[in-house]
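Engineer: sequence below, structure please.
(2 chains)
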Protein chains: 2
Amino acid sequence: MIPFNKPYLTGKEVHYIYQAVLSGKISGDGMFTKKCHELFEKKFGFQKCLLTSSCTDALEMASILTRIEPGDEVIMPSYTFVSTATAFVLRGANIIFCDSRPDHPGMDEDKIESLITPKTKAIVPVHYGGVACDMDKIMGLAKKYNLYVVEDAAQAIDSYYTGADGLKRPLGSIGHLAAFSFHETKNIQSGEGGMLVISDSQFNERAEIIREKGTNRSKFFRGEIDKYGWCDIGSSYLPSDIIAAFLYAQLENLEDIQKKRISIWNQYWESLSPLSGKIRLPFIPDYATNNAHMFYIICNSFEERSELIRVFRANQAYPVYHYLSLHKSPYYENKYQGLPLTVSDHYTDCLLRLPMFYELQDEEITKICNIVLDFYSK
Amino acid sequence: MIPFNKPYLTGKEVHYIYQAVLSGKISGDGMFTKKCHELFEKKFGFQKCLLTSSCTDALEMASILTRIEPGDEVIMPSYTFVSTATAFVLRGANIIFCDSRPDHPGMDEDKIESLITPKTKAIVPVHYGGVACDMDKIMGLAKKYNLYVVEDAAQAIDSYYTGADGLKRPLGSIGHLAAFSFHETKNIQSGEGGMLVISDSQFNERAEIIREKGTNRSKFFRGEIDKYGWCDIGSSYLPSDIIAAFLYAQLENLEDIQKKRISIWNQYWESLSPLSGKIRLPFIPDYATNNAHMFYIICNSFEERSELIRVFRANQAYPVYHYLSLHKSPYYENKYQGLPLTVSDHYTDCLLRLPMFYELQDEEITKICNIVLDFYSK
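Structural biologist: Predicted structure coming up:
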């Protein structure tokens, strides 16, 4: 049996959980949360990191920080996870969905400007599969129209964008705010988990408050004030230090994990590239890097994909498809007033993600590739 | 050094975390989440349990489930944790704060009815220190005025209420919805963590959707539908199965933990009862049980409490005070239009929680009690 995903221990996760318990504090913002913050900030040059219980939580924090109010418009792709949208809907936003690129499931940057109105408050580019959106274009629009950019970097750890200035920047460091996921399917993970990255330091202080149920408890714990109180809206966005301890072990092994995932990705690529006329394989623009979060293929029709999945299941292998265009969801279809988003719908129907995890074996990759090659040789 | 709290391992936490990883799923709603749900439901007869990342999350779910809208009024004590209020404020509620009881920090049930208006939608009783509010009175008002009752049972695991019908019911099973906390200071804990308990089954289906980012993914995983989509608002309220594995080990040891905590509580009570004319000790109404979540004393003034804390610190012992009346908080003081809440303010100034954790040693309890006895002998 080849599952789609399999979480694994890099080695020190449980050791660190013991250490956290021995430290006397396993609630949020304990020793390992601080170690994660420091290591992420050092490794990627992020201005400020705050672990959260999920990427959804980080997006909700971004939505509160950018002071989204009822009626504000937020532009994002339709082909994305539900949380990208719900985080802003919870604050009353109207979501303006943008179509995907023909060459890549990411949002079509050239279609954003026509969606901007006086009510637009933010753009939320999603770095699909860890592959960068064209951030020069998006940041240019944000500057021109005075908008916030919240990067949905859920899948984008250790991936980069090189702009016209020639600088190679880590994804999550380019917009005003960014949200990462450490859900078990991600390159490094803690079952559930997430992180808000703040690049615009005007948000630093309020982010700490919002993350601590709207209180200034962080200042209190640092000894900067002698009691803490309720100052703002907020929630409990900080994860248990048990989760941070687990994540820290994974983060320490990021290089090893990435090397392995890239090797798996390349095996898929080499084995399947003979099919490049018959189906579409992942596209990585020149300005983007590949963090090997995902290997997908794009079938030619919904029916073809369904048939291929049936063949996989018969062979006990479990690739997955995922996003359904959000503008056509039960929740949003009656609210949606934009144009048809046919490219997004095409990915909804035709994209298939192949199994991808650290412990995936060579023979398993071969088996998966042979199923696809056989299927398309008929 | 005697800290206020110290998390500890009951034995199997790490073993269960290994099992969770080996099961191949450590994201939310894995094997141990299901085991926790089943054991909580069996042990306490709860109609439906859903683990959450925090008690705050469970309260937010309750706020969404009861369809709180801007302008709705929600009645709760002022002497409570910020989350009790923020969870409802996030949906636009106006919070109507109620004073505490003179004999106990819980909400004064006799003052609730005068706060009810046509805009009132819910009452949120907080079972302070795990000691039941008078639920017959509260449920009677809810019935009379057609209101929801959301029990803030953060501190109230394994505590009970006996109503006029003579039935002894677990706290969290009486209102329509209830929220528990498994923060590290609680009787059983997972660092951060919480649980929504649903007693009114009309909420079951929507609760699953809201907890899964507004999607019907739970139904999908159970094979009841062939794809899942965005159906409602929601967030990512479900904790990693790593957290559930940790919590399950604690839950299995609940009886042992409770025995130990009650023994500690009784030692405090016996040692300090000679002071009962000079300071106030915890009060447990006849209809309530004591789950030994907390042992507090009530000093006679803010200055007296401050001085006592100084003496404790000089002896390297760390009792804590906590809630500041929410109606006087920086966030709410300009919004508050009610009467002065002098009883709540008194607890704000004078209540002190003594160290309370499983591994607290007899000699440490003696030392703490001697500090208090000495202080009040002068």
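Engineer: could you use CA atoms for every contact and neighbour count after this?
Structural biologist: Will do.
Engineer: residues contacting the residue of chain A most remote from its centre?
Structural biologist: Summary for chain A: using Cα atoms, centre = their mean, the residue whose C-alpha lies farthest from the chain's mean C-alpha position is A:D226, with a distance of 38.0 Å. The neighbourhood of A:D226, defined by Cα atoms under 8 Å, 6 or more residues apart in numbering or on different chains, consists of A:F220.
Engineer: for chain A, what spans make up the strands?
Structural biologist: Secondary structure of chain A (DSSP state E): strands located at A:48-52, A:73-77, A:94-98, A:100-101, A:104-107, A:120-123, A:148-152, A:160-162, A:168-170, A:177-181, A:194-198, A:296-298, A:351-353.
Engineer: what residues does the third one touch?
Structural biologist: By Cα under 8 Å, 6+ apart, the surrounding residues in contact with strand A:94-98 are A:70-78, A:85, A:88-89, A:107-108, A:111-112, A:115, A:326-327, A:338, A:341.
Engineer: not counting its neighbours along the chain, what's nearest the residue of the stretch 251-378 of chain A found nearest chain B?
Structural biologist: When Cα to the nearest Cα is the measure, the stretch 251-378 of chain A has its nearest residue to chain B at A:Y331, with 4.4 Å between them. For A:Y331, the nearest residue in space outside its immediate sequence neighbours is B:C231; the separation is 4.4 Å by Cα to Cα, 6 or more residues apart in numbering or on different chains.
Engineer: residue ranges in the stretch 51-200 of chain A under the pLDDT threshold?
Structural biologist: Applying pLDDT under 70 to the stretch 51-200 of chain A picks out no residues at all.
Engineer: quick one: name the residues of it near chain B.
Structural biologist: Applying Cα under 8 Å from any Cα of the partner chain, one finds that the stretch 51-200 of chain A approaches chain B through A:53-54, A:56-57, A:82-83, A:86-87, A:89-90, A:183-184, A:190-193.
Engineer: what's the closest of the residues you listed to A:G30?
Structural biologist: Ranking those by separation from A:G30, with Cα to Cα as the measure, puts A:S53 on top at 13.9 Å.
Engineer: pull the number of nearby residues for A:K42.
Structural biologist: A:K42 sits with 11 neighbouring residues when counted by other Cα atoms under 10 Å in any protein chain shown.
Engineer: where's it relative to chain B, distance?
Structural biologist: Plainly put, A:K42 is 26 Å away from chain B if you go by Cα to the nearest Cα, to the nearest Å.
Engineer: of the contacts of strand A:94-98, just the buried ones, PyMOL syntax please.
Structural biologist: Typed into PyMOL, the line below selects the buried ones among those, using 16 or more other Cα atoms under 10 Å in any protein chain shown:
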select buried, chain A and resi 72+73+74+75+76+77+78+85+88+89+107+108+112+326+327+341
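Engineer: got the residues of the stretch 251-378 of chain A near chain B?
Structural biologist: Contacts of the stretch 251-378 of chain A with chain B, taken as Cα under 8 Å from any Cα, map to A:L324, A:L326, A:S329, A:P330, A:Y331, A:Y332.
Engineer: need the contact list for the third one.
Structural biologist: With contact set as Cα under 8 Å, 6+ apart, A:S329 has these partners: B:G229, B:W230, B:C231.
Engineer: wait, the last one touches B:T215, no?
Structural biologist: Yes - with the criterion set as Cα atoms under 8 Å, B:C231 and B:T215 qualify as a contacting pair; they are 5.4 Å apart.
Engineer: which outside residues touch stretch A:208-225?
Structural biologist: With contacts defined as Cα under 8 Å, 6+ apart, stretch A:208-225 is touched by A:61, A:226-238, B:82-83, B:86.
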